[in-house]
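> Please work out how this folds:
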Amino acid sequence: MFRAIEFISQQVILRGRLYLPKKISSKKYPVVIMAHGFTTTIHGMIADKYAERFRKADFAVLLYDHRNLGISDGEPRQEINFWVQSRGYIDAIDFVFKQPEIDTNKIMVWGSSMSAREAFLVGSVDERVKAIIAMVPAFGDHYPLKDRDSALYTFAKETLLEDDILGLPYSTTERVAVVSHDQINNPSALKELTAFRWFMEYGGRFGTNWQNVVSFSNTETPEEFHLSQCAAHLKAPILMIVAKNDEMAGANPNITAKIFSLIMQPKEWVDISGGHFGLLNYPSRLFEKSSKAQINFLKRQLDEKP
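A predicted model of the protein is given here:
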């Protein structure tokens, strides 16, 4: 169903899978670049199920683990940096450009929760991106500020394309649990009970390589920076699948709606129930609704291209 692949990003090896459609064909395939959300991994934590659906719909898929997580290299283990993770998408695009089976004029990026933010940023910078999927995006809890002279977008673009992002000024945090059922004695990064239940169910399965610990490397950003300032610069159409009853801090549907209103490219919005994790349960009705909407969106975008 897939072959193991690896590529370099920010001086370390990222590892993942290249799925190719089952049909034997001489044609080149459109490709979906996928990376998982907050601390999750590519084996058994549902991103792989979405990849399988894309493959069945005749898309190639590159699904990989972020730096410091899962099967990818990088130290310190379990440390997250938003900018470094976002850069991984661009280096993944560079990788698929070298694969003979891939139609490099039809590259899409996909993200869920935190990685939806990353795909959004990449889609505002990289002209090679032809469609964007943001699933239950975590755009934060604060309304955006205007970027009157595009200076903040320029900051974002230059940071993303920096050859050594971790060489920029940054701060780090202590390691904490990703989820916990006891916020008094063992506070965690994600505090919602639904997060605890989902991560324990899916991350706890055999072979996922998920670990219940995380720390952060926070690259210094201007105080006024907000990811929404990239909205007007998107290079491609976007689909947002939004949980109207999203319970997670940082995934406020009202903030998402505001950012959606700022997008100039063709855009589609799909409401889904089940909270933040409903479409991350497999098998389920919500997974079927979400995956079908995504495949239909991608096919529409490709049909509109010459």
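> can we go C-alpha only for contacts and neighbour counts from here?
Will do.
> Now for the chain, the helix or strand with the poorest mean pLDDT.
helix 285-304 (a mean of 94; mean pLDDT, DSSP states H and E).
> Give me the helices and strands touching that one, please.
For helix 285-304, the packing partners by 3 or more Cα pairs under 8 Å, 6 or more residues apart in numbering; DSSP states H and E come out as helix 47-56, strand 129-135, strand 238-243, strand 267-272.
> Only the buried residues of stretch 171-178, if you could.
Buried residues in stretch 171-178, counting neighbours by 16 or more other Cα atoms under 10 Å, are found at Val176, Ala177, Val178.
> surely the second one meets Asn185?
No - contact criterion Cα atoms under 8 Å: Ala177 and Asn185 do not qualify, at 11.4 Å.
> Based on its surroundings, how many neighbours for Phe225?
Around Phe225 there are 18 other residues, counting by other Cα atoms under 10 Å.
> Quickly find the element holding Val122.
Using DSSP states H and E, Val122 falls within helix 114-125.
> neighbouring contacts of that helix?
With contact meaning Cα atoms under 8 Å, 6 or more residues apart in numbering, helix 114-125 is reached by 35-38, 82-83, 85-87, 89-90, 109-111, 129, 131-139, 157, 227, 230-231, 233-236.
> So which of those residues are in strands?
Here DSSP state E is the test, and those give Ala35, Val109, Trp110, Gly111, Val129, Ala131, Ile132, Ile133, Ala134, Met135 as lying in strands.
> and the second one, what does it touch?
By that I understand Val109. Going by Cα under 8 Å, 6+ apart, Val109 touches Val32, Ile33, Met34, Tyr89, Ala119, Gly123, Val129, Ala131, Ile132, Ile133.
> ok, now how distant is it from Gln183?
35 Å (Cα to Cα, to the nearest Å).
> go on, the fifth one?
Plainly put, Val129 is 41 Å away from Gln183 if you go by Cα to Cα.
> Looking at the two, which is more packed in?
Of the pair Val129 and Gln183, Val129 is the one with more neighbours under other Cα under 10 Å, namely 25 against 13.
> That one pairs with what?
Ile107 (DSSP bridges).
> likewise Ile238?
Residues in beta-bridge contact with Ile238 (DSSP bridges): Ile132, Lys267.
> Show the model's pLDDT score for Ser228.
pLDDT recorded at Ser228 is 96.
> Quick check: the gap between it and Leu145.
From Ser228 to Leu145 the distance is 8 Å (Cα to Cα).
> Of those two, give the one with the bigger neighbour count.
Neighbour totals were compared for Ser228 and Leu145, and Ser228 leads with 26 against 12 (other Cα under 10 Å).
> which SS state does the nearest residue to that one once chain neighbours are set aside fall under?
Excluding the flanking residues, the one nearest Ser228 by Cα to Cα, 6 or more residues apart in numbering is Ile259, at 5.5 Å. Under DSSP: H, G, I helix; E, B strand; the rest coil, Ile259 falls in the helix class.
> Pull the contacting residues for Ile259.
Counting by Cα under 8 Å, 6+ apart, Ile259 has contacts Pro144, Ser228, Ala231.
> Name the nearest of the residues you listed relative to Gln99.
Comparing the contacts of Ile259 against Gln99 with Cα to Cα places Ala231 closest, at 30.2 Å.
> burial measure for that closest one, as a count.
20.
> Let me know whether it touches Leu262 as I believe.
Yes - the pair Ala231 / Leu262 is scored as a contact, 5.9 Å apart, by Cα under 8 Å.
> related to what we said a few turns ago, return the distance of the helix holding Val122 from the chain's centre.
7 Å (Cα atoms, centre = their mean, to the nearest Å).
> returning to what we had before: any chance of the contacts of Ile259 in a markdown table, plus distance to Asp94?
Converted to a markdown table, these look like this (distance: Cα to Cα, whole Å):
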| residue | distance to Asp94 |
| --- | --- |
| Pro144 | 31 |
| Ser228 | 25 |
| Ala231 | 23 |
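> With respect to Tyr50, which of those residues is nearest?
Tyr50 has its nearest neighbour among these in Ala231, at 25.2 Å by Cα to Cα.
> Run through the residues that contact the closest one.
Contacts of Ala231 by Cα under 8 Å, 6+ apart are Ser124, Ile259, Phe260, Leu262, Ile263, Met264.
> Swap in 6 Å and give it another go.
Residues in contact with Ala231, defined by Cα atoms under 6 Å, 6 or more residues apart in numbering, are Leu262, Ile263.
> Check the one 5 residues further on too.
Contact partners of Ala236, counting by Cα under 6 Å, 6+ apart, are Lys130, Ala131.
> distance of it from Leu302?
For Ala236, the distance to Leu302 equals 12 Å [Cα to Cα].
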